[in-house]
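In: just to be clear, the model below is a prediction. Sequence and coordinates:
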Amino acid sequence: MLEIEIDDARYWKNCVDSIVNLIDEGNFEITANGISLKAMDPSQIAMVCFSIPKSSFGKYKVDETTKVGINFDSMSKVLSRSRGKDRLRMMIEENKLVLEFIGEDKRNFKLPLIEVQEGVQKEPKIEFDAVVKIKAGQFKEILGDAALLSSHVVLDANSKGFFVEVHGDSGDLRVEKEKTGEATLNIEVKRDSRATFPLQFLGDMVKACPDDESLSLHLKTNSPIKAEYSIGEAKLVYYLAPRIETM
Amino acid sequence: MLEIEIDDARYWKNCVDSIVNLIDEGNFEITANGISLKAMDPSQIAMVCFSIPKSSFGKYKVDETTKVGINFDSMSKVLSRSRGKDRLRMMIEENKLVLEFIGEDKRNFKLPLIEVQEGVQKEPKIEFDAVVKIKAGQFKEILGDAALLSSHVVLDANSKGFFVEVHGDSGDLRVEKEKTGEATLNIEVKRDSRATFPLQFLGDMVKACPDDESLSLHLKTNSPIKAEYSIGEAKLVYYLAPRIETM
Amino acid sequence: MLEIEIDDARYWKNCVDSIVNLIDEGNFEITANGISLKAMDPSQIAMVCFSIPKSSFGKYKVDETTKVGINFDSMSKVLSRSRGKDRLRMMIEENKLVLEFIGEDKRNFKLPLIEVQEGVQKEPKIEFDAVVKIKAGQFKEILGDAALLSSHVVLDANSKGFFVEVHGDSGDLRVEKEKTGEATLNIEVKRDSRATFPLQFLGDMVKACPDDESLSLHLKTNSPIKAEYSIGEAKLVYYLAPRIETM
């Protein structure tokens, strides 16, 4: 028995988009307490960890822990068909996931469950040396600047502030977010931290984060970045491997 | 002598768009009483019947019945150049159709008349078993849902209501419009009616219908659908052949 | 020593766009009095002459006349990243042009200076026979109409008014702007003037002109057209060669 209702179908779409931007397929683990997912992107350099508690749902009947293999691309497309004040009901029926929009009329999408192979996904344990809290919209703007010039970006947090550098054939960029006590920016640095990341992945990781939401970037020199944000009660944690320059 | 004036050039664009969505070329029959057109789409599975009375026009001087072969694609593009409060004057000059916009300046487009071959177009005579009246916008939304999953759609009108079903490789959809006395929905059923239609054609048929306008769908099991709507005084009737499943 | 500041980065973007629509690369000549550029488009049928006085800039420190070779495409893309109330500072550092946006944060783009070969560019000396002053928006609309039918357009100024003609395979167009004393239109004709121009180039020349701005078109039969407009204090003059029909 599995029956889950969400009052605002669009909220659930935002949650799913935070996953689909990085991976096409994955397994939701649905327990009595909530829904979660841990998955690597196909190229194995990024990881997404999603979790949402049962309290986010108007109705949440889950008798036993269930793994549900989802094509997130299909699910996101279906959810994009939600209208104004649609409620959303999710059920499992005959090896299909039912997505029922309840609004002016009743619309019942059924998506086949799929088998998704995955190894045991463990979050990397890293002692980060710096944490930068920044409005997601500001960080997206910086990534937009960077995209003009290169496919990679250097993130650098040190005692003076948070710096983004880009070096490309057609030019260079340096963005300086100085420690000014700006309310929307918080920089804590134990040790100077600097690493280079692929721009596309950084963009995919933060795309679903509302612009006004605070984004936490955890950094350590030449180590993976951990990016965290919330969508309502849903919690997103991403890891992304750095590019290590070989000389 | 042929001289026709329309106070609102954009209204005439809407009329022409209701035709061009289905056919590229056709003959307007212009008589003392109005303008009409009957034409099959190139693949011969859909028919459009358009008619507009002379009363829709600010000026209507037509001495004799004239067949005017039009490339509707060109005509629609020209009409899309109308601005704010342009009036439109149409004349025939030296085997060309003159489309003159009269507004801030005078703009005079001339399109060559073309020869369009067509057999005698007769509207099919079908005794339909069900009529569904629905707001065009609602029906377009349903077609948008359906397009996620398949190129065909099942329309089903029975004593319980109006149902749309889609079955595709990536999932299924069922939309239920129950007979609830909703003001914008009227379902009359003499006999249960169910047939499958190509989605693209249904979409092309209703695309030019304003979202708030009422659309009439006439159904009969495994028979063509007749779709009717009005754009002001202009009347549009479409027929579309069903897909008959062969086993 | 070169340091130039513009209070509104977007204004400078408009200036650069008036150049980049026609040429990809060119040399800014930066003197103590202001910045100017004269360049032919790669196909050598159009010329752009740009000039802006030092008074347009919040800060303008230029010790000696400098030629600065710019990839305008890169510069325009960087400028498109300006935000709300960004100020812009331009400097030369180690053979690079620095574009520094100063707003919420400090963003520092560096573009490599390039070597642009160019002959001596002299503005053609033509005694024009007619001048048409028209709102840029109106002229752009006419070019939009023309683009439906052909890649060339005839501009014709005579004692009756200003006329635009287009002749194409799929139809013809004639636009009449009669001398009516319309405030936004001024036509001065010493001798009837008529010439044919490539539509794409005309469009590129006027694209950056604000729609409400007055545009001056200088004409002479079968001679180049001179188009002039202002963006604030910046002055744009373009020349475009006519197409001479060979019989």
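Out: Alright, I've got the coordinates.

In: ok so residue A:202 is a strand residue?
Out: No. Under DSSP: H, G, I helix; E, B strand; the rest coil, residue A:202 falls outside any strand and is assigned helix.

In: for it, grab the count of nearby residues.
Out: 24 (other Cβ atoms under 10 Å in any protein chain shown). C-betas here are computed from N, CA, C, even on glycine.

In: so it sits against residue A:142, correct?
Out: No. Look at residue A:202 against residue A:142 with Cβ atoms under 8 Å: they stay out of range, at 9.6 Å.

In: okay, now residue A:100: neighbour count?
Out: 18.

In: would you mind naming the helix or strand containing it?
Out: strand A:96-102 (DSSP states H and E).

In: could you identify the helix or strand that succeeds that strand?
Out: Following strand A:96-102 in sequence order, the next helix or strand is strand A:106-112 (DSSP H and E).

In: pull the distance from that following strand to the chain's centre.
Out: Centroid displacement of strand A:106-112 relative to its chain, using Cα atoms, centre = their mean, to the nearest Å, is 25 Å.

In: for it, give me every contacting residue.
Out: A:70-71, A:74-75, A:78, A:81, A:93, A:95-101, B:145, B:148-149, B:170-176, B:178 (Cβ atoms under 8 Å, 6 or more residues apart in numbering or on different chains).

In: quick one: which of those sit in strands?
Out: Using DSSP state E, the members of these that fall within strands are A:70-71, A:93, A:96-101, B:171-176, B:178.

In: buried subset of those?
Out: Listed as buried from the ones in strands among the contacts of strand A:106-112 are A:70-71, A:97-101, B:171-175; burial here means 16 or more other Cβ atoms under 10 Å in any protein chain shown.

In: closest to chain C among those residues?
Out: Chain C has its nearest neighbour among those in residue A:71, at 35.8 Å by Cβ to the nearest Cβ.

In: got the contact list for that closest one?
Out: For residue A:71, the contact set (Cβ under 8 Å, 6+ apart) comprises A:24-25, A:111, A:114, B:170.

In: now, which of those residues sits nearest chain C?
Out: Nearest member of these to chain C, counting by Cβ to the nearest Cβ, is residue A:24, at 31.0 Å.

In: the closest one: how many residues sit nearby?
Out: Neighbours of residue A:24 using other Cβ under 10 Å come to 16.

In: now the closest residue in space to it that isn't next to it in sequence: how far from residue A:17?
Out: If the residues on either side of it in the chain are set aside, residue A:24 comes closest to residue A:73, at 5.2 Å by Cβ to Cβ, 6 or more residues apart in numbering or on different chains. Noted for residue A:73: a distance of 11 Å to residue A:17, by Cβ to Cβ, to the nearest Å.

In: between these two, who's got more neighbours?
Out: Using other Cβ under 10 Å, the more surrounded residue of residue A:73 and residue A:17 is residue A:17, with 17 against 14.

In: can you give me the end-to-end distance of stretch A:226-235?
Out: With Cα to Cα, to the nearest Å applied, stretch A:226-235 spans 13 Å between its terminal residues.

In: repeat that for stretch A:75-87.
Out: So stretch A:75-87: terminal residues 16 Å apart, Cα to Cα.

In: and for it, what's in contact with it?
Out: A:5-10, A:12-13, A:16-17, A:20, A:58, A:88, A:97, A:99, A:101-104, A:107, A:109, A:111, B:141, B:144-145, B:148, B:171.

In: ok, now stretch A:203-212?
Out: By Cβ under 8 Å, 6+ apart, stretch A:203-212 touches A:14, A:17-18, A:21-22, A:46, A:48, A:135-137, A:139-140, A:143, A:147, A:215, A:227, A:229, A:231, A:236, A:238, A:240.

In: please pick the buried ones from the residues you listed.
Out: Buried among those (16+ other Cβ under 10 Å): A:14, A:17-18, A:21-22, A:46, A:48, A:135-136, A:139-140, A:143, A:147, A:215, A:227, A:229, A:231, A:236, A:238, A:240.

In: now, which of these lie within helices?
Out: A:14, A:17-18, A:136, A:139-140, A:143, A:147 (DSSP state H).

In: now, which of those residues sits nearest residue B:244?
Out: Each of those was scored against residue B:244 by Cβ to Cβ, and residue A:17 proved nearest at 40.4 Å.

In: count the neighbours of the closest residue to that closest one other than its chain neighbours for me.
Out: Take residue A:17 and drop its neighbours on the chain: the residue closest to it by Cβ to Cβ, 6+ apart is residue A:208, 4.4 Å away. Counted with other Cβ under 10 Å, residues neighbouring residue A:208 total 22.

In: again, but for residue A:31
Out: 12.

In: now it. Nearest residue, chain neighbours left out?
Out: residue A:65 (4.6 Å).

In: out of the ones in helices among the buried ones among the contacts of stretch A:203-212, which comes closest to chain C?
Out: Nearest to chain C among those: residue A:147, at 9.6 Å, using Cβ to the nearest Cβ.

In: that closest one touches residue A:173, doesn't it?
Out: No. With contact defined as Cβ under 8 Å, residue A:147 does not reach residue A:173; the gap is 10.0 Å.

In: list the contacts of the residue nearest to residue A:31.
Out: Residue A:65 touches A:29-32, counting by Cβ under 8 Å, 6+ apart.

In: mind redoing it with 7 Å?
Out: A:29-31 (Cβ atoms under 7 Å, 6 or more residues apart in numbering or on different chains).
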